[in-house]
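Enquirer: return atomic coordinates for the entry below.
(one chain, ligands or ions: 1)
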Amino acid sequence: MLTVRHISHVQHCTQSLIDLKRSCSETAVVCTANSSSVHSAEVIIGDNVTRSIQLRDVSLVAEETEQSTWDASYDEAKYIEAKFGSFCYSPKYPYFVATDKQLLSESVLRERGCAKRLPKVIIAGVKKCGTGAVLRFLNLHPNITGSSQAEVHYFDSRVKRDLTWYRDQMPYSSQDQITIEKTPTYFNFPDDAPRRIREELSPETKIILVLCDPVRRAVSDYLEYQWRTTVPGAGAAKRIRKTFELTVVDVGYSESVKEEQEIVDLGVYIKFLIRWYDAFEKENILLVDGTRFSNAPYRELQKIEHFLGLRPFFREAHFSLNPDRGIYCINFPKEYCLPESKGRTHPIVDDIIWQKMCDFYAPYDKMLAKIYGYNFSWVGHCEQRKQYR
Ligand SMILES: Nc1ncnc2c1ncn2[C@@H]1O[C@H](COP(=O)(O)OS(=O)(=O)O)[C@@H](OP(=O)(O)O)[C@H]1O
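Expert: Now for the predicted structure:
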């Protein structure tokens, strides 16, 4: 029997929960069920008023969360010891990027078994679903070291490079650290990226795919392309129109969603996922809910720790919402937020276009849940998703 307490981030309430909506984010849920499926829950609304609900009314799947008991999660000095005691770089705030300037002397590197190692884990997508924040936060874990370069693109655009070059792009790691690379474009391009990763790295490579609300993702991607048109040499976007609406829907003509438009197409996740599941065993792929991650980062990070077999480090208390930017920042061991290029202000999308986009993705999202058994938080909540526009 599994007892779940305090599911504190109910993200979307359906009609039957409408009267709980006001207190949704603080709602405590206590439920009892067998561990494989949790069906009903008792919701404490406040003042000892309880109500029984069906969990299918709540988009969040109940999960047992491991609370970190590691003193490195609480105490800065212990953290530094855990992260840097056998690390190849000297401490520097923020701790997220390992730069050559912080590299220790050759004799220390040798003594600690430091070397540049090929990644054992790849965050292979999806673009604009929070992959940058996932990597930056994970990088804080004492047993992880992320690639120092933002994105390596070895398996997509660096076709003339070889594995020696690829390894050289990685940071130094000690033997008890896992090297992670993130290039979100691998998700959809090229078609043989999953196969090459399997063959050139290892079939045991762990693949992390962050998937998120495809409508919001499309808006974010649109903004990125729009921004690129203002930056010389950033690679101007193809077929981006003056507004998001004109870019994704054939407004004034067929009025249908432009399925072939790249920013629309990328949200049909199931189409690209098949390649990953063809190349890797199911146990080696983790689908992260990027929409849930943006509202409760620690939950998804805990899932990743579990997937990678890491000692639980992340705690809810490590994260706080930056109200001005609408994104979560980490506050341990020091305050750190991702740079301004993340958490851009989104335009308010026309209601009809928003609905059309939701309707377009709905069957694919449902298929995703059915085939891969993931209950993504955005699926079936088009109306509520508007608040995150
Ligand atoms: N904690 C936190 N910090 C920063 N950013 C966060 C975070 N959580 C989610 N997000 C969302 O991540 C969106 C950018 O996604 P990616 O990092 O995958 O973009 S990229 O593909 O690498 O360009 C970015 O999208 P925009 O809001 O459109 O900028 C963020 O909303």
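
Enquirer: Arg275: neighbour count?
Expert: By the criterion of other C-beta atoms under 10 Å, Arg275 has 17 neighbours. Using the backbone N, CA and C atoms, a C-beta is placed for each residue, glycine as well.

Enquirer: which of the helices or strands spans the residue in the stretch 201-350 of the chain that the ligand sits nearest to?
Expert: Here the residue of the stretch 201-350 of the chain nearest the ligand is Ser220; by C-beta to the nearest ligand atom that distance is 3.1 Å. In this assignment (DSSP states H and E), Ser220 forms part of helix 214-228.

Enquirer: identify all contacting residues around that helix.
Expert: Residues outside helix 214-228 that contact it (C-beta atoms under 8 Å, 6 or more residues apart in numbering): 126-129, 234-237, 240, 244, 247-248, 263-264, 266-269, 290-291, 341, 344, 346-347, 349, 354, 357-358, 361, 365, 378, 382, 385, 388-389.

Enquirer: weed out the non-buried ones from these.
Expert: The neighbour count (16 or more other C-beta atoms under 10 Å) marks 126-129, 237, 240, 244, 247-248, 263-264, 266-269, 290-291, 344, 349, 354, 357-358, 361, 365, 378, 382, 385, 388 as buried among these.

Enquirer: hey, where'd the strands end up in the stretch 51-200 of the chain?
Expert: Counting by DSSP state E, counting those that start in this stretch, residue ranges of the strands within the stretch 51-200 of the chain are 115-116, 121-123, 144-146, 172-173, 178-182.

Enquirer: how far out from the middle of the chain is the third one?
Expert: Same thing as strand 144-146. Centroid separation between strand 144-146 and its chain, computed with C-alpha atoms, centre = their mean, to the nearest Å, is 16 Å.

Enquirer: ok, and what's touching that strand?
Expert: 87, 96, 98, 135-136, 138-139, 171-173, 177-182, 308, 310.

Enquirer: with stretch 180-192 instead?
Expert: Contact partners of stretch 180-192, identified using C-beta under 8 Å, 6+ apart, comprise 119-129, 131-132, 134-135, 138-139, 144-147, 151-156, 170, 193-194, 197, 209-210, 265-266, 272, 275-276.

Enquirer: those also near the ligand: which ones?
Expert: Checked against the ligand using C-beta under 6 Å from any ligand atom, the contacts of stretch 180-192 give the following subset in range: Lys127, Lys128, Cys129, Thr131, Gly132.

Enquirer: contacts only, for the last one.
Expert: Translated: Gly132. Contacts for Gly132 (C-beta under 8 Å, 6+ apart) come out as Ala150, Lys182, Leu338, Lys342.

Enquirer: for those residues, give me JSON lines that also has neighbour count, distance to the ligand and pLDDT.
Expert: Compiled in JSON lines, the contacts of Gly132 are given as follows (neighbours: other C-beta atoms under 10 Å; distance: C-beta to the nearest ligand atom, whole Å; pLDDT from 0 to 100):
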{"residue": "Ala150", "neighbour count": "12", "distance to the ligand": "8", "pLDDT": "73"}
{"residue": "Lys182", "neighbour count": "26", "distance to the ligand": "8", "pLDDT": "96"}
{"residue": "Leu338", "neighbour count": "20", "distance to the ligand": "4", "pLDDT": "92"}
{"residue": "Lys342", "neighbour count": "15", "distance to the ligand": "4", "pLDDT": "91"}
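
Enquirer: now the end-to-end length of stretch 257-274.
Expert: 23 Å (C-alpha to C-alpha, to the nearest Å).

Enquirer: quick one: it to chain centroid distance?
Expert: Here the centre of stretch 257-274 is set off from its chain's centre by 18 Å, with C-alpha atoms, centre = their mean.

Enquirer: before we move on, the earlier item: and the strands of the stretch 51-200 of the chain, which one averages the lowest pLDDT?
Expert: Taking each of these in turn, the one with the lowest mean pLDDT is strand 144-146, at a mean of 87.

Enquirer: pairing partners for that one, with directions?
Expert: strand 178-182 (parallel) (DSSP bridges).
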